[in-house]
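Undergrad: attaching a predicted model along with its sequence, questions to come.
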Amino acid sequence: MATHQNFSEQQVAAAIHAGLREGRRQVGLSPTEAEDKTATYRGNLYHYRQHVQTSLDAGDYLQAAEKSWGSYAQTIKAIGADHLLSITHHASIIGVAGQLADLANQSDQQNGVALADGLHIARSLHTHFYENDLPDSTVVTAAGRVATAIDLMQELFAPEPPG
């Protein structure tokens, strides 16, 4: 596992802003709103991650795939809220995730590749939910790789402790 890269709040915020799609309404959050949203997103993340494992154990690979995407999206939304921005659209989730991968790549190529791969795998699992186009064994492996990418994002882009 990687070590925390100590990205500054400004670096992470700049990556988030760069990933937000033009033409999409950008919603700034007050510190109180951000705290509430972050708690909600992290709670959802915990719930989705539990659901992924339960679904895998039950052999429900479609639900495991969709909840893997959901947990990935909640992670990106939580990182955005940590920086006082609400990320609400798929295009922005994908754009922000790509920019965070690029930021990680600047200091550690292995981390950058892991995050970029995590994004692509999470997207393919989201598509699989609608298309049912992946073998079950691929979903199992992919869900694990998405979980690894989520852990890495939470490590690399953890908010700075207050004051």
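TA: Here it is on my side, so go on.

Undergrad: mind giving me the packing neighbours of the worst-scoring helix or strand of the chain on mean pLDDT?
TA: One helix or strand of the chain scores below all others by mean pLDDT, DSSP states H and E: strand 27-28, with a mean of 81. Packing partners of strand 27-28 (3 or more Cβ pairs under 8 Å, 6 or more residues apart in numbering; DSSP states H and E): strand 85-86. For the C-beta atoms, the positions are set from N, CA and C on the backbone; glycine is no exception.

Undergrad: helices or strands next to the strand it packs on in the packing?
TA: Using 3+ Cβ pairs under 8 Å, 6+ apart, strand 85-86 sits against helix 9-19, strand 27-28.

Undergrad: now tell me what touches that strand from outside.
TA: 13, 16-17, 20, 26-29, 37, 77, 80 (Cβ atoms under 8 Å, 6 or more residues apart in numbering).

Undergrad: switch these over to JSON lines; also include neighbour count and distance to residue 7.
TA: Formatted as JSON lines, those follow (neighbours: other Cβ atoms under 10 Å; distance: Cβ to Cβ, whole Å):
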{"residue": "13", "neighbour count": "16", "distance to residue 7": "10"}
{"residue": "16", "neighbour count": "25", "distance to residue 7": "11"}
{"residue": "17", "neighbour count": "14", "distance to residue 7": "14"}
{"residue": "20", "neighbour count": "22", "distance to residue 7": "18"}
{"residue": "26", "neighbour count": "14", "distance to residue 7": "21"}
{"residue": "27", "neighbour count": "14", "distance to residue 7": "23"}
{"residue": "28", "neighbour count": "10", "distance to residue 7": "21"}
{"residue": "29", "neighbour count": "18", "distance to residue 7": "20"}
{"residue": "37", "neighbour count": "21", "distance to residue 7": "21"}
{"residue": "77", "neighbour count": "24", "distance to residue 7": "18"}
{"residue": "80", "neighbour count": "28", "distance to residue 7": "15"}
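
Undergrad: pick out the most distant pair among those residues.
TA: Spatial extent of those (Cβ to Cβ) is set by the pair 17 and 37 at 17.1 Å.

Undergrad: so where's this structure uncertain?
TA: 1-5, 22-26, 161-163 (pLDDT under 70).

Undergrad: can you give me the helices for it?
TA: Secondary structure of the chain, counting by DSSP state H: helices at 9-19, 31-58, 61-82, 90-107, 109-131, 136-156.

Undergrad: and the ones you listed, which is most packed in?
TA: The highest average neighbour count among the helices of the chain, using mean count of other Cβ atoms under 10 Å, belongs to helix 61-82 at a mean of 24.

Undergrad: send over that helix as PDB, restricted to the C-alpha atoms.
TA: Provided in PDB are the C-alpha atoms of helix 61-82 (Å, rounded to 0.1, in the frame of the first residue of the first chain):
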ATOM      1  CA  TYR A  61     -22.700 -10.300  -9.100                       C
ATOM      2  CA  LEU A  62     -24.900  -7.600 -10.600                       C
ATOM      3  CA  GLN A  63     -25.500  -6.000  -7.200                       C
ATOM      4  CA  ALA A  64     -21.900  -6.400  -6.300                       C
ATOM      5  CA  ALA A  65     -20.900  -4.600  -9.500                       C
ATOM      6  CA  GLU A  66     -23.300  -1.700  -8.900                       C
ATOM      7  CA  LYS A  67     -22.500  -1.200  -5.300                       C
ATOM      8  CA  SER A  68     -18.800  -1.200  -6.200                       C
ATOM      9  CA  TRP A  69     -19.500   1.700  -8.500                       C
ATOM     10  CA  GLY A  70     -21.700   3.300  -5.800                       C
ATOM     11  CA  SER A  71     -18.900   3.100  -3.200                       C
ATOM     12  CA  TYR A  72     -16.500   4.500  -5.700                       C
ATOM     13  CA  ALA A  73     -18.800   7.400  -6.400                       C
ATOM     14  CA  GLN A  74     -19.400   8.100  -2.700                       C
ATOM     15  CA  THR A  75     -15.700   8.300  -2.200                       C
ATOM     16  CA  ILE A  76     -15.300  11.000  -4.900                       C
ATOM     17  CA  LYS A  77     -18.300  12.900  -3.500                       C
ATOM     18  CA  ALA A  78     -16.800  12.800   0.000                       C
ATOM     19  CA  ILE A  79     -13.500  14.100  -1.200                       C
ATOM     20  CA  GLY A  80     -15.300  16.900  -3.000                       C
ATOM     21  CA  ALA A  81     -17.300  17.800   0.100                       C
ATOM     22  CA  ASP A  82     -14.000  17.800   2.100                       C
END
